[in-house]
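Trainee: everything below, folded, please.
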Amino acid sequence: MSFRPTPIAVLSVLLSLTATAAFAQTARVRVEITGLNAELRRNAQTVASITTAARSGRLPVARVEQLHARAEDEIALALEPFGYYRPTIRSQLDTTGSTWVARYQVEPGPALLLSRVAVAISGEGERDSTLEEGVTGFPLAAGDALRHDLYDQGKLTLAGLAAERGYLDAAFDTAQIRIDLEAYTAEIALHLSTGPRYSFGPVTFNQDIVDPSLLEGHVTFQPGDEFELSKLIALQRDLSSSPFFSQVEVRPIRENAEGRNVPIEVSAVPRKRQRYEVGAGYGTDTGFRGTLEVDFRRLNRKGHNATVRLEVSQIRRNIAGQYRFPPSYPNTANYALSVSAGDISPTWSSTLRLAFGASRSQMRGPLREVLSLSYDLQDFTVADRDGTSNLLVFGTSHSWLTADDRVLPFSGGLLQLDARGSIDALASSATYLQLIARGKLIKGIGGQLRFIGRLEVGGTFTSQFTDLPPTIRFVTGGDRTVRGYSFESLGPRDVEGRIVGGDVQLIASAEADCALAKKWRAAVFFDVGNALVWGGRFSVAKGAGLGARWVSPVGMVRVDVAYGFDEPSRGIRLHLTFGPDL
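Mentor: The predicted model follows:
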């Protein structure tokens, strides 16, 4: 019997043989560069084409050999910005085994030294003390090893200082690095001609959604004042943070200068008139929860805006609204009317609350000041004791905040002092004064590790404590106070062991977190705190744990596992929180 293969079978065999041959002519490659410190090695790996190509998987053999042949020149080029112009490179391509290994043993050799660094300024800025500091602080000097990155850094610093000081025509007449490879030395020649120093001209706002008087209050300079770029940056930042605009561009129009006065043009793109936000989640303190928030960003040309927020969880149901009146120039204070109604029912109390009031907020230098007046009606139960309160509450808050980054700060701090109270002679059922001081400090080390410290102290002064509603009494425990304990489970108790709240509060926390990946961090923390009775026994509850952090685009998401060392916890609790560190 004879067998005659079909054309399809022949084609399949040929394709299989071709694929096998092609596979046999490819190889995986591992690249090893040794003899360099971490900084030099990173740059060599970035510049060497074979390193990038090796990450893509199998490569044609001819391509591997081609990349290996030019790798020595590429590695040598990668060392030049760091001042190494005489490296010795020994290369080897090991083709045995399933993965080829490209090895490069590098001796960078001596660094090329600078024999002369000449940095000079001419023009009106020649005697400007700020520019003089830029010259004296130039990061390279004679005798230093040539570093191209430091040269570029110094050059950019000088140009930036000139722009900040209003020398808008400043330009480098000379900007050279002269290298003599035979003498193995280099010289830097840098000459900045500043031209005249300009002043601010009039400011024009290119927008038609709100009255210009609402925006003029953000301008911190007058026509004729000496130009400072930082004031334009501050103007752009302030307008961008307003509810009106999604994009703001502030730029000097140099070509329209009248004499030395440069007009400033502000172009703004409006935000959408409404913003809707829906949120849902779960927390060990609140159970399942959901939020719905609607922002009405522009209700009229006077810039009036409003927010309505609905919150629903197992312990809290609340609806609140706020109507805001932004100021007109030259006033810088913001006014708001607010109203809220809610049912607040943690394990130790229950409260029906209705409140309405007004507030005024204003920046006073670095401090934000908020003055408020509200009428607060509450029907509550604490430890099986029912009560009602009607309080005309006067309040003040002063806060100071600084941060190098709002999403992931490595340097920053917060100080805040709040005071509120009522007088029974003024439409109130009780007299009290409550003071709360809060502080938080963040310090980073090396761009990877952060230390976070927090302290909060509060006190209530009154002879009518039992007439105060639960929302004014101090209790602690939970994800934002002492982790490892359930929400509002720490505080003074009655003879039957039921929480009744205290008139003193102390909370402190120490935390450290470090980077695991670009957006992920790991944390360890220790919390102490409690709510106490003034003059009573002093005791604090302690909790500690581990946490994971995800750096989202709008804030930090924190998941903490904490253990409470004291009663009533003695167990592990999971805490989930979201929001900025400061």
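Trainee: helices of the protein, start to end?
Mentor: Counting by DSSP state H, one finds helices in the chain at the ranges 7-24, 38-47, 49-54, 61-79, 129-136, 148-164, 213-216, 229-240.
Trainee: and Glu277, how many neighbours?
Mentor: Counted with other CB atoms under 10 Å, the burial measure for Glu277 works out to 11 neighbours. For glycine as for every other residue, the C-beta is placed from the backbone atoms N, C-alpha and C.
Trainee: quick one: contacts for the residue lying closest to it once chain neighbours are set aside?
Mentor: Once its chain neighbours are removed from consideration, Glu277 has its nearest residue in Glu293; the separation is 4.4 Å (CB to CB, 6 or more residues apart in numbering). Shown here is Glu293, whose contacts under the criterion CB atoms under 8 Å, 6 or more residues apart in numbering are 276-279, 307-310.
Trainee: hmm, which of the residues you listed is lowest in pLDDT?
Mentor: Comparing pLDDT over the contacts of Glu293, Gly279 scores lowest. The value there is 77.
Trainee: which residues does the closest residue to it other than its chain neighbours bridge with?
Mentor: Closest residue to Gly279 apart from its sequence neighbours, by CB to CB, 6+ apart: Thr291 at 4.3 Å. Residues found in beta-bridge contact with Thr291 (criterion: DSSP bridges) are Gly279, Glu311.
Trainee: surely Thr291 touches Glu311?
Mentor: Yes - using CB atoms under 8 Å, Thr291 makes contact with Glu311 at a distance of 5.3 Å.
Trainee: mind checking which of the two has more residues around it?
Mentor: It is Glu311, of Thr291 and Glu311, that has more neighbours when counted by other CB under 10 Å, with 18 against 15.
Trainee: does the more buried one touch Arg317 like I think?
Mentor: Yes - using CB under 8 Å, Glu311 and Arg317 qualify as a contacting pair, with a distance of 7.1 Å.
Trainee: common neighbours of those two, please.
Mentor: Listed contacts common to Glu311 and Arg317 are Gly342; contacts here mean CB under 8 Å, 6+ apart.
Trainee: next up, the contacts around the closest residue to Ile423 other than its chain neighbours.
Mentor: When the adjacent residues along the chain are set aside, Ile423 lies closest to Thr431, with 5.2 Å between them (CB to CB, 6+ apart). For Thr431, the contacting residues are 421-425, 462-464, taking CB under 8 Å, 6+ apart as the criterion.
Trainee: need the helices of the chain in TSV with mean neighbour count, mean pLDDT and distance to Arg558, can you?
Mentor: Rendered in TSV, the data for those read as follows (neighbours: other CB atoms under 10 Å; pLDDT from 0 to 100; distance: least, CB to CB, whole Å):
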stretch	mean neighbour count	mean pLDDT	distance to Arg558
helix 7-24	10	41	49
helix 38-47	16	93	32
helix 49-54	18	91	37
helix 61-79	17	93	40
helix 129-136	14	92	42
helix 148-164	17	93	36
helix 213-216	18	86	37
helix 229-240	16	90	27
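Trainee: of the ones you listed, which is nearest Lys302?
Mentor: The minimum distance between Lys302 and those falls on helix 213-216, with 7.2 Å, by CB to CB.
Trainee: counting contacts, what elements does the closest one pack onto?
Mentor: Based on contacts counted as 3 or more CB pairs under 8 Å, 6 or more residues apart in numbering; DSSP states H and E, there is no element that helix 213-216 packs against.
Trainee: what does it contact?
Mentor: 203, 205, 207, 239, 266, 302-303, 326-330.
Trainee: same thing but at 10 Å, please
Mentor: Residues lying outside helix 213-216 but in contact with it, judged by CB atoms under 10 Å, 6 or more residues apart in numbering, are 203, 205, 207, 235, 238-239, 242, 244-245, 248, 266, 268, 301-303, 326-331.
Trainee: return the subset of the residues you listed lying in strands.
Mentor: The subset of the contacts of helix 213-216 located in strands under the criterion DSSP state E comprises 203, 205, 245, 248, 266, 268.
Trainee: contacting residues around the fourth one?
Mentor: So that's Val248. Val248 is in contact with 205, 207, 215, 235-242, 266-269, counting by CB under 10 Å, 6+ apart.
Trainee: quick check: closest non-adjacent residue to Thr396.
Mentor: If the residues on either side of it in the chain are set aside, Thr396 comes closest to Ala419, at 5.0 Å by CB to CB, 6+ apart.
Trainee: what's the spacing between that neighbour and Asp152?
Mentor: To Asp152, Ala419 is 52 Å away according to CB to CB, to the nearest Å.
Trainee: check His575 too.
Mentor: In this structure, His575 and Asp152 are separated by 46 Å, where distance is defined by CB to CB.
Trainee: thinking again about what came up before, and which of the contacts of Val248 is nearest Gln505?
Mentor: Checking the contacts of Val248 against Gln505 by CB to CB gives Ser241 as the nearest, at 32.0 Å.
Trainee: tally of neighbours for the closest one?
Mentor: Neighbourhood size, Ser241 [other CB under 10 Å]: 10.
Trainee: separation between it and Ile319?
Mentor: From Ser241 to Ile319 the distance is 26 Å (CB to CB).
Trainee: thank you, goodbye.
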